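Visitor: Quick one: sequence and predicted model below, then my questions.
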Amino acid sequence: MTTVARSAGGGMLQAWKSFWFEPQQMYTLGLVRIGMGALTVLWALWLLPMRYGLLATDGVTPTQPSVPYTWGIFAVFNSDTAMLVGVVVLVLAGIALLVGWHSRLAAVIVFILIVSFERRAPASLTGGDALVRIEALFLALS
């Protein structure tokens, strides 16, 4: 192996290590977390009146549709009380994410509940809901 190839490989290896393993400033991720917390609170408050018609056990979708390889908390807990508790917990987790209180746990709870609500009433979804779900997964993994 020539010296030029060895130095180029070493430079690429150093760039790889620098990208993945050197400490970085977290301002951007903090702003994303704050924005996602605010969006989650608004999304959950939008769901609050929807639980009577769309998410109720006698509503448009009385149970979670049976789709292979999908999951959701409301497939197991399917009652009007469970929907109300889910919305309240989602608001509280969104507020925790917004202010940065136990943000790792809050991000996981937000992701699980958003996916569960989306699986419960898939007919009401838009592309924006998919983006919210993907962003919640991103924050849960970060």
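Guide: Cool, the structure landed.
Visitor: quick one: the helices in the chain?
Guide: Under the criterion DSSP state H, the chain contains helices at 3-21, 27-53, 80-99, 103-120, 127-141.
Visitor: Please point out which parts of the last one sit buried.
Guide: Spelled out, that is helix 127-141. By neighbour count on 16 or more other Cβ atoms under 10 Å, the buried set for helix 127-141 is 129, 132, 133, 135, 136, 137, 139, 140. Any C-beta I mention is one placed from the backbone N, CA and C, and that applies to glycine too.
Visitor: Report pLDDT for the first one.
Guide: Right, the one you point to is residue 129. Looking at residue 129, its pLDDT reads 79.
Visitor: Give me the local confidence score for the spatially closest residue to residue 97 that is not a sequence neighbour.
Guide: Sequence neighbours aside, residue 37 is the residue nearest to residue 97 in space, at 3.5 Å (criterion: Cβ to Cβ, 6 or more residues apart in numbering). pLDDT recorded at residue 37 is 94.
Visitor: Many thanks, I have nothing further to ask.
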